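**Student:** Here's my sequence, what's the structure:
(4 chains)
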Amino acid sequence: MSKIMKITLPGMPPLEREMIALRIANMLEDGAYVNLGIGIPTLVSNWIEGRDIIIQSEIGMLKCGPLAEEGEIDQDRINASCQFVRDMPGTSYFNVETSFAMIRGGCMDVAVLGALQVSARGDLAGWNTPARGLGKRGNIGGSMDLAVGAKKVIVAMEHFTTNGEPKILTECSYPLTAKACVDVIVTNYALIEVTAKGLVLREAIPGVSAEEVQKMTAAPLIVAEDFHEMEL
Amino acid sequence: MSKIMKITLPGMPPLEREMIALRIANMLEDGAYVNLGIGIPTLVSNWIEGRDIIIQSEIGMLKCGPLAEEGEIDQDRINASCQFVRDMPGTSYFNVETSFAMIRGGCMDVAVLGALQVSARGDLAGWNTPARGLGKRGNIGGSMDLAVGAKKVIVAMEHFTTNGEPKILTECSYPLTAKACVDVIVTNYALIEVTAKGLVLREAIPGVSAEEVQKMTAAPLIVAEDFHEMEL
Amino acid sequence: MDKVYSSVEAAIEDVFDGAIIAFGGFFSAGRPAALTLALSKRGVKNLTVVVQQVGTGNEEMLELVVNGQIKRAVCNYPFPRSASKGARHPFEQAVRKGEIGLEIYPIGTFVEKLRCAGAGIPAFYTAAGAGTVVAEGKEVRVFNGIEYLLELALPVDFAFVHAWKGDHEGNLVYRFTAQNYNNAMAMAAKVTIAEVETLVETGGLNPNFIHTPGIFVKRVVETGKPELSGFSLGGI
Amino acid sequence: MDKVYSSVEAAIEDVFDGAIIAFGGFFSAGRPAALTLALSKRGVKNLTVVVQQVGTGNEEMLELVVNGQIKRAVCNYPFPRSASKGARHPFEQAVRKGEIGLEIYPIGTFVEKLRCAGAGIPAFYTAAGAGTVVAEGKEVRVFNGIEYLLELALPVDFAFVHAWKGDHEGNLVYRFTAQNYNNAMAMAAKVTIAEVETLVETGGLNPNFIHTPGIFVKRVVETGKPELSGFSLGGI
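**Tutor:** This next block holds a predicted model:
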């Protein structure tokens, strides 16, 4: 495959991080239990207020509320990213062994995770940036448990690294979080589903064609029969 | 070894069940966490009131109090033998997975268990009476976890079965609860310690000699240097 | 997310022939009496029941035995303690006749198999049962010089649990020793159905002291306090 | 059975060179700040610390790093998230220089290894980490077509935990997300030392809502509420 690069397109600019989060929020079904990873995934919570979706925070909190305002700060009420949060009617607190029993045990309908790379088979690499020079050491956190335990894994990420390198690849070159775990990838250009046949391009942002997404993607894409413009 | 049988002795009659329990209560150290099995072991609790000993009940109760009086009956407060009990300042309730984490995890300083048979190596058989005709099926309950998990296992039992068969044997013939788990045996005639060298006879009830205990016991006994009369 | 059902009948409507069902309760305490009676009326067959024991303190389970609804039981203390009571006990007699298959585990293994099923742990090692008939057919492995058995997780289709209080989203609180197996079973099941003595509004339970978070519970039905089991008054 | 110590210094007096110590806390919440500072003053060396991470929200741990007291760390999210913060971070730098050995586990594995140590389970299987560097050197086993890793229990010599309230017999109650690792660590340790914000008389806690029963706790010391970590205000 020839060199993949970030290209400048005439249409709409690529999605802001908040808009990637909105597209994912719109994929979540009412009644779902959802865990949101650090980064873009956290922003999904901004789009589900008032909806019947319950957020789990792996620190040991179910029905985690929005970020706390200045006057509501309580050092004993933080999410897994160490942000002060609010509780809600129906919130429950529990220990981390119970939290990860839920996660590994298949109680999470959806985990939304960030990623450094995703492969054509849905392998996820998200915990170790080799450039940092720490070898096999890095922040695994809850990502490996979430990747293997959640019923559905949605990756929220930008299509390219800040250096313009493609993040969707035939094979991941970074250390894996888990093999064949990703179901859907939402980037600032496209929505791609991981299927047994390969990566299926379902949506692209307005003004970007399927061919253009393929040019920006270092793994072969199958264009869905109902390929269409992403709606937000 | 020749036939072992219950003999009539001129001295004191064999201990009542309550007195076996008393001898064991006197062995417990202050500050101990103790689990009491069904039968004679349960009676130990009658002798420790006011002492600094905490009883665990495997149903999920720590600092289990004495049996409830008529007016205190609460169907949600029972011990593992389904008897109504009282709570005390410092009692805690928890689920069975936590209860057996404690038991297997080595938190029980002492488990006092009943037994059908004990071998010379300290094998314990206590859950299956072949005569009942249920084959390998029987009431295991918490006995196997307690036998392997407690720091010290004290067996409380009568020296003979109701049919006059010896219960201390070279090898158990009944299905085992656990191998080599018993530390001390207290019967209605004697206190016997299980050591690496074999069974050591430490005490006999007044009027019973070491020779007489050996005659009643179907496994060889080593008489302790300080062998003496049991005090209650 | 309202998980409340109007009746025990409605809450168990989809329980099917051949289902594996776990029942909370330790003798009389914390048993799902109302759900169990509803199941006996519903009449589904070939059930596998996972329960401490059948019919001692939880007499409602005997209805399932008498109706011939149980094919197999997984227990830890299956029989009446006394042989004479056993001779009159429908469950023990059904086991003796081979009408009900029986699998027995030490309590710690029994409850950990359930917790592991809910916790995504397919198997664990325990010393309980090593060197006994419980070890038959199981992998034995030595860690630090001690023999352990490999025990597998025990997932179930349904769990019937009994709680003191529950809210509309399935958060549960138990009372005293009625807690017992209910949490582990709620974790182990695909569908956990909770009968609660008192249904409270969501937000009506202290979030810091929830025994079973609602994520483990699919359905809630208010049934009030069960009657005191006549058996309980005697103890085992 | 009175487990109360008059000071954090007295409570940790027997912590020895080479000890394995688990520290509760998830970033800032529920960290044993007072016990950790006392340990840095005590100055024992060659410690193995078992803790989510060292020095982000739990800045007290950095004292141990700066003092050269840590030989090895077992963590699940060891480094500051940003590389630039990491470049100024004493723990990350000590790891880079090889002064501190580092072992990393997925959170679920990390906490379950501790719980298992306390629960008499020497090993368990988990899918987390299968097919990744976490699997290196570990037994892989397939159950129901899925790959799992064998993970061993992680017993520790001491656990330093932080609770909201504790009584004289060691019963503990945590507050909200400050619960986190504290219970599993209390289970895993030979000697668990709890710093509590408020010490209450035995009987002063609701017996139905104890998070960590006293049997898992050897010592209790009242330390008050920790100061808000300056870090916490920023989030990671």
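**Student:** Just the buried positions in the helix-or-strand element of chain C with minimal mean pLDDT, please.
**Tutor:** Within chain C, confidence by mean pLDDT, DSSP states H and E is lowest for helix C:83-87 among all helices and strands, at a mean of 93. Residues of helix C:83-87 classed as buried: residue C:86 (neighbour count, 16 or more other Cβ atoms under 10 Å in any protein chain shown). C-betas here are computed from N, CA, C, even on glycine.
**Student:** neighbours of residue 226, just the number please.
**Tutor:** In the absence of a named chain, chain A is used. Using other Cβ atoms under 10 Å in any protein chain shown, residue A:226 has 7 other residues around it.
**Student:** my bad, chain C
**Tutor:** 24.
**Student:** what separates the residue in chain C sticking out farthest from the centre from residue D:137, distance-wise?
**Tutor:** In terms of distance from the mean C-alpha position of chain C, residue C:145 ranks first, at 34.2 Å (Cα atoms, centre = their mean). Look at residue C:145 and residue D:137: by Cβ to Cβ, to the nearest Å, they are 22 Å apart.
**Student:** can you give me the helices for chain A?
**Tutor:** Taking DSSP state H as the criterion, chain A carries its helices at A:17-27, A:40-43, A:96-104, A:143-149, A:210-215.
**Student:** Which one of the ones you listed lies nearest to residue A:200?
**Tutor:** Taking Cβ to Cβ, helix A:210-215 is the member of these nearest to residue A:200, at 10.8 Å.
**Student:** average pLDDT across the closest one?
**Tutor:** Computed over helix A:210-215, the mean pLDDT rounds to 97.
**Student:** Name the residues of that helix that are buried.
**Tutor:** Result for helix A:210-215 [16+ other Cβ under 10 Å]: buried residues A:210, A:212-214.
**Student:** and which of those residues is nearest residue D:210?
**Tutor:** Using Cβ to Cβ, the buried residues of helix A:210-215 come closest to residue D:210 at residue A:213, 55.7 Å.
**Student:** my guess is that closest one meets residue A:221, correct?
**Tutor:** Yes: between residue A:213 and residue A:221 there is a contact under Cβ atoms under 8 Å: 6.5 Å.
**Student:** shared neighbours, these two?
**Tutor:** residue A:201 (Cβ atoms under 8 Å, 6 or more residues apart in numbering or on different chains).
**Student:** Enumerate every residue touching residue C:73.
**Tutor:** Residue C:73 touches C:48-51, C:54, C:91, C:95, C:100-103, counting by Cβ under 8 Å, 6+ apart.
**Student:** How much space separates residue A:78 from residue D:27?
**Tutor:** The gap separating residue A:78 from residue D:27 is 7 Å, by Cβ to Cβ.
**Student:** same check, this time on residue C:49
**Tutor:** For residue C:49 relative to residue D:27 (Cβ to Cβ), the value is 45 Å.
**Student:** same check, this time on residue C:70
**Tutor:** On the measure of Cβ to Cβ, residue C:70 and residue D:27 end up 50 Å apart.
**Student:** shaky segments in chain A?
**Tutor:** A:1-3, A:5-11 (pLDDT under 70).
**Student:** give me phi/psi at whichever residue of chain C sits closest to chain B?
**Tutor:** Nearest to chain B in chain C, going by Cβ to the nearest Cβ, is residue C:108, at a distance of 3.4 Å. Backbone geometry at residue C:108, expressed as degrees, to the nearest 10, gives phi -60, psi -40.
**Student:** can you pull the contacts of it?
**Tutor:** With contact set as Cβ under 8 Å, 6+ apart, residue C:108 has these partners: B:100, B:103-104, B:142, B:144-145, B:149, C:126, C:128, D:120.
**Student:** residue boundaries of the strands in chain A?
**Tutor:** For chain A, the strands defined by DSSP state E cover A:33-36, A:54-57, A:61-62, A:92-93, A:110-113, A:117-119, A:124-125, A:152-156, A:168-169, A:184-186, A:190-195, A:198-204, A:221-229.
**Student:** what about those, which gets the closest to residue B:161?
**Tutor:** That would be strand A:92-93 among the strands of chain A, by Cβ to Cβ, at 51.9 Å.
**Student:** Partner strands of the closest one and their direction?
**Tutor:** Using DSSP bridges, the strands paired with strand A:92-93 are strand A:61-62 (antiparallel).
**Student:** next one: the strand it pairs with to chain centre, how far?
**Tutor:** Relative to the mean C-alpha coordinate of its chain, strand A:61-62 is positioned 19 Å out (Cα atoms, centre = their mean, to the nearest Å).
**Student:** Can you lay out the helices of chain A as a markdown table showing distance to residue D:190?
**Tutor:** Listed next are these as a markdown table, based on distance: least, Cβ to Cβ, whole Å:
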| stretch | distance to residue D:190 |
| --- | --- |
| helix A:17-27 | 46 |
| helix A:40-43 | 39 |
| helix A:96-104 | 19 |
| helix A:143-149 | 28 |
| helix A:210-215 | 58 |
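**Student:** burial count for the nearest residue to residue C:162 once chain neighbours are set aside?
**Tutor:** Spatial nearest neighbour of residue C:162, chain neighbours left out: residue C:32 (4.4 Å); criterion: Cβ to Cβ, 6 or more residues apart in numbering or on different chains. The number of residues packed near residue C:32 is 32, by other Cβ under 10 Å.
**Student:** quick revisit: right, and the strands of chain A - which one's nearest residue C:178?
**Tutor:** strand A:92-93 (19.2 Å).
**Student:** Need the residues that contact the closest one.
**Tutor:** Here strand A:92-93 makes contact (Cβ under 8 Å, 6+ apart) with A:60-63, C:171, C:205, C:207-208, C:210, C:213-214, D:176-177, D:179.
**Student:** List buried members of those by neighbour count.
**Tutor:** Applying 16+ other Cβ under 10 Å to these flags A:60-63, C:171, C:205, C:207-208, C:210, C:213-214, D:176-177, D:179 as buried.
**Student:** so where is chain C shaky, pLDDT-wise?
**Tutor:** Looking along chain C with the criterion set at pLDDT under 70, you get C:230-236.
**Student:** What ranges does it have for its helices?
**Tutor:** Using DSSP H, helices in chain C cover C:8-11, C:33-42, C:60-66, C:83-87, C:90-96, C:107-119, C:182-188.
**Student:** Go through those helices and name the closest to residue B:31.
**Tutor:** Closest among these, using Cβ to Cβ: helix C:107-119, at 24.4 Å.
**Student:** For the closest one, what is the distance to the chain centroid?
**Tutor:** 11 Å.
**Student:** Show me what from chain C comes close to chain A.
**Tutor:** Within chain C, the positions adjacent to chain A are C:1, C:115, C:117-121, C:167-169, C:171, C:187, C:201-203, C:205, C:207-208, C:210, C:213-216 by Cβ under 8 Å from any Cβ of the partner chain.
**Student:** Okay then, goodbye and thanks.
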